[in-house]
Each structure stands twice: as C-alpha cells, then as structure tokens.
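A.B. asks: Structure for the following, please:
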Amino acid sequence: MKIAGVGVGAFLLGLGGGYYAGLASAPKPPAAPKQYTITAIGRDAEHNDINSGVIDFFTRENPNYKVEYTPLAYNALYDKIVLTLQQGATAVDLVYMDDPWIPQFGEKGWLTDLEALSKEAGITLDLGDFPKVLIDVGRHPYRTGKLVAFPQMGNVQIFAYRKDVFDKLGLGEPKTWTDVLSACEKIKASGLVEYPIAFRGVKGNPVATAFQPLLYAFGGKILSDDLKSCALDSKAVEALEFLLQLKKYAPPGVENFNTPDVRDRLVGGKIAMSTETWPGWIKDADNPAVSKVPGLLAYTLTPGERERPSPLLGVWYWGIPAASQNKEAALNYILYSASARMQKLMAIVKGLPPVRASVGADKEVVGLRRWVAIQVQSLASAVPRPRTPLWSKVEDIFGGYVNQVLAGTLKPADAVAKACEDINKALAGG
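C.D. replies: Numbering: from 1, shown residues only. Below is the predicted model of the structure:
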C-alpha cells in the first residue's frame with residue numbers, strides 16, 4: 001500500500017513537472033460562456049409586465065444573456081416593426097406580433113423560418129402541446145408554409161356572465177346567442193344589475209372584433225375563401241339585426257364603448273354579461289381589492305347559433321427578423337418563454353393566458369385563475385382573422401359600417417352593401 005501510494009504521488013509529481021518542463025501543454029482553464037445581448041421590441045401594458053417577468057427569470061438562469069426589451073403601444077409597435085423589417089436592420093433580434101400582422105410580414109420575407117433555424121441549431125421542436133390553430137397561424141402561407149412566428153400569449157375571446165344572477169333567475173349557461181337574448185329580457189325585468197349586457201361598439205377594430213363571433217355563429221363571413229372578395233351577405237344582415245336587439249339591453253352610448261367601458265362594468269358588477277371577454281380584462285376578477293364580483297363571474301365558450309362557437313383568436317407571437325445577427329440566441333429565448341414551465345409560472349404570477357394545452361389542464365393554474373381552462377379550450381375552436389396582408393384595411397371598413405348600424409345612421413342591409421363595395425375596392429388596390 002505504501003509503495004502504491006508513493007507511486008501515485010510520484011506519477012502526479014512527474015506529470016506536473018512535465019508541464020513546467022514544457023514536455024506537455026498545461027490544460028487551459030474553462031472558457032467563459034459566450035455573452036449574448038438580445039434586443040426585443042414588444043407591447044406595453046400587461047404584455048410588458050408578463051414579458052419583463054419572463055426576461056427576469058431567463059437572465060437569472062442564463063447569466064450570459066442580456067435581453068433589452070422596448071415596450072410600445074399597439075400602433076407604435078406595428079410602425080416600429082414595419083420600419084425595422086423594411087430596412088433590414090440587424091439591431092433587433094425579436095419582434096412581438098399580433099397575429100393579423102403575420103401574413104404581411106411573412107409575405108415580405110421579413111421573418112426567419114424557425115423550424116429551419118431549430119434544425120441548424122440541433123433543436124427538435126415539439127409542437128404537440130399547442131392547439132393546432134396556433135401553429136397554423138404562425139405559418140406563412142397559413143397552415144402550409146414556413147413557421148415564422150411562435151405563440152407566446154394565448155389571447156382569445158371567451159364569454160363571461162354573472163353566475164349568481166343566472167342562478168337566482170333559474171337560467172342555464174348560455175349556449176347560443178338566442179339564449180343570451182332571452183337572458184337579457186329576464187335580467188332586465190329582474191332589476192338585479194344595472195344593465196344585462198355590454199360590448200365594444202366604437203368604430204374600427206373594437207366593434208369589428210366584438211361582432212365577428214356573432215357573425216360567424218349566424219353562418220356569415222367577411223371574405224371569400226380565396227380572400228379576394230367580400231363575402232358579407234344576408235347572414236351578415238341577420239347578425240347585425242340581432243346585434244341591434246342586444247343593444248336594447250346595453251347601456252346608452254354603447255356604440256362608443258371601448259375596452260375600459262366594458263371591462264370596468266364587468267368587474268364593477270354593473271352588467272351581467274359581456275359578449276366578448278379577453279383574459280386581460282378578468283385576470284384579477286376574483287381579487288376583492290380590484291373587483292366588485294370576486295367569485296361571481298362564470299366563463300364559457302362564445303355562444304354559437306346556426307354554427308358552432310367561433311371565438312376570435314388574438315394570440316401574440318414572437319418572430320425573429322431575417323436580418324438578425326443573433327438568431328440562435330433569440331430562438332433560445334423564444335423556446336424558454338413558451339416552455340410549459342414558464343407558461344405555467346407566468347399564468348400564476350402575471351395572469352398570462354397560456355398557449356399550451358397542458359397548462360390549461362394544470363390544477364394549480366386553474367385553481368388560481370379560473371378562466372384559464374375555458375381560455376385554453378377556446379383556443380382549440382378559435383377562428384383567426386382572415387389571413388390576408390390587407391386585413392387592417394378590411395377591418396377598418398367593416399368596423400366602420402358596423403358602428404354606423406349601432407349608431408342608427410345606416411340600416412343593416414345598406415351597411416352590408418356599402419361595406420362590400422368598399423372592401424372589394426380595398427382588395428383590388430383601389
């Protein structure tokens with residue numbers, strides 16, 4: 001044993017001496033991890049709160065990464081992204097996109113193919129935990145093309161109603177828009193709340209977004225399947241006439257209502273139903289410090305009518321500009337942000353509407369954020385805005401005419417005819 005010990009010691013001493021004698025190269029100390037700085041532009045408000053939370057976790061767990069995030073309001077963000085991508089600027093590595101923007105950016109070739117990038121980086125993308133429509137929307141062309149955007153925030157319409165009011169009146173969960181109208185009549189007669197229902201009516205995006213699930217439930221659509229012409233018809237007229245019936249039970253001036261007008265009445269206990277509810281409106285609805293109705297709201301799928309429920313998709317995506325010099329680092333951040341672990345954590349801590357089915361089924365998440373189960377379920381049946389680069393123009397026209405119907409300045413049939421005329425001009429480049 002003594003001999004063996006001396007032998008080992010002599011061997012180690014000899015090896016060390018060899019280094020110093022130049023007989024062998026000394027081992028190099030481990031190289032410091034490469035430093036990465038990722039530059040991102042994204043939304044402000046609750047998006048900033050959520051994304052800042054993810055960035056904090058990411059940079060703590062990956063200290064060789066720095067993420068610089070610039071929050072911007074909706075229109076300013078769109079303008080900034082367009083300018084950045086048009087110019088082929090290399091200074092931006094991540095862009096945070098509302099899903100209707102993807103066709104425009106994809107058509108221009110401004111975004112990186114994330115599947116090809118993953119393959120180059122030796123990363124296998126597992127997309128099975130995401131509702132299929134989310135991945136389809138992230139592709140350009142829609143459904144069939146390259147994956148140029150990755151889902152991060154699972155915004156989708158759901159239907160909210162006062163369970164306590166419905167129970168007192170013996171009303172069941174509304175499954176159809178006819179159920180909603182019938183409930184409005186009984187709630188108004190009861191006097192239990194100030195107004196039975198409210199919705200966004202201001203022209204442009206707000207009323208267009210609020211009205212679409214009703215239009216789809218009546219079997220209508222805005223554009224033809226090839227996206228080349230207006231498809232509004234008699235079904236759209238019927239849906240608009242039905243919207244006017246609902247207006248009778250809404251607060252005065254509903255044609256000028258925007259998000260705060262509906263959201264504040266819903267969590268303030270002044271209405272019994274909201275035709276559309278977005279997760280950001282109700283993330284703290286059970287918090288008595290900010291809500292007058294903690295535990296009293298119930299959530300379900302957007303009602304159907306002739307057709308199945310068709311809630312409107314409003315998911316936010318991450319994309320990597322084609323000109324980015326930091327693509328692999330940016331991809332690492334995207335996958336971290338969309339991981340099941342981080343989606344669960346942000347859903348609990350920040351009220352993130354998750355994009356993963358597994359998070360929607362997580363008991364801890366649903367126990368704290370009751371709306372999450374319906375929100376994730378709604379993603380599976382959600383309808384995206386028509387996948388055309390011209391959607392913003394179409395939406396502006398459509399929303400303008402729906403607003404005029406609510407304001408009483410146009411009849412539904414006239415509004416549909418005029419809307420189609422203007423939409424066809426826009427699609428033809430007029």
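A.B. asks: can you give me the strands in the stretch 51-200 of the chain?
C.D. replies: Under the criterion DSSP state E, counting those that start in this stretch, the stretch 51-200 of the chain carries strands at the ranges 65-72, 94-98, 139-140, 146-147, 150-153, 158-162, 195-198.
A.B. asks: any chance of those strands in a markdown table, with mean neighbour count and mean pLDDT too?
C.D. replies: Just so you know, the C-beta spots here come from the backbone N, C-alpha and C atoms, and that holds for glycine as well. Below are these laid out as a markdown table (neighbours: other CB atoms under 10 Å; pLDDT from 0 to 100):
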| stretch | mean neighbour count | mean pLDDT |
| --- | --- | --- |
| strand 65-72 | 17 | 98 |
| strand 94-98 | 24 | 98 |
| strand 139-140 | 22 | 98 |
| strand 146-147 | 19 | 98 |
| strand 150-153 | 25 | 98 |
| strand 158-162 | 25 | 98 |
| strand 195-198 | 24 | 98 |
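A.B. asks: need these in JSON lines with distance to T178, can you?
C.D. replies: Putting these into JSON lines (distance: least, CB to CB, whole Å) gives the following:
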{"stretch": "strand 65-72", "distance to T178": "42"}
{"stretch": "strand 94-98", "distance to T178": "32"}
{"stretch": "strand 139-140", "distance to T178": "36"}
{"stretch": "strand 146-147", "distance to T178": "40"}
{"stretch": "strand 150-153", "distance to T178": "33"}
{"stretch": "strand 158-162", "distance to T178": "14"}
{"stretch": "strand 195-198", "distance to T178": "14"}
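A.B. asks: so which of those strands comes closest to S324?
C.D. replies: Across these, S324 has its closest neighbour in strand 94-98 (7.9 Å, CB to CB).
A.B. asks: Compare the strands of the stretch 51-200 of the chain and give me the one nearest L379.
C.D. replies: Across the strands of the stretch 51-200 of the chain, closest to L379 is strand 150-153 (CB to CB), at 9.1 Å.
A.B. asks: Can you give me the neighbour number for L232?
C.D. replies: Residues near L232, counting by other CB atoms under 10 Å, number 22.
A.B. asks: Would you agree it is in contact with V416?
C.D. replies: Yes - in this structure, L232 is within contact of V416 by CB atoms under 8 Å, at 4.8 Å.
A.B. asks: center of this structure, which residue is that?
C.D. replies: Central residue of the chain (CA atoms, centre = their mean): V315, 2.1 Å from the mean position.
A.B. asks: so how far is stretch 256-269 from its chain's centroid?
C.D. replies: Relative to the centre of its chain, stretch 256-269 is centred 20 Å away, using CA atoms, centre = their mean, to the nearest Å.
A.B. asks: now stretch 103-122
C.D. replies: 20 Å.
A.B. asks: likewise stretch 173-188?
C.D. replies: 28 Å.
A.B. asks: closest one to I374 among the strands of the stretch 51-200 of the chain?
C.D. replies: Of all the strands of the stretch 51-200 of the chain, strand 158-162 comes closest under CB to CB, at 5.1 Å.
A.B. asks: can you list the residues that contact the closest one?
C.D. replies: 173-174, 183, 193, 266, 269, 272-279, 282, 293, 296-303, 311, 371, 374-375, 378 (CB atoms under 8 Å, 6 or more residues apart in numbering).
A.B. asks: and if you look at stretch 113-129?
C.D. replies: Residues outside stretch 113-129 that contact it (CB under 8 Å, 6+ apart): 135, 146-150, 320, 327-328, 331, 334-335, 340, 356-358.
A.B. asks: and what of stretch 393-404?
C.D. replies: 100, 201-209, 211, 222-223, 232, 240, 243, 255, 385-386, 388, 410, 415-416, 418-419, 422-423, 426-427.
A.B. asks: what does stretch 194-202 give?
C.D. replies: Residues contacting stretch 194-202 (CB under 8 Å, 6+ apart): 180, 183-184, 187-188, 206-207, 209-210, 246, 249-251, 254-259, 261-262, 265-266, 270-276, 403, 406.
A.B. asks: Brilliant, that's me finished.
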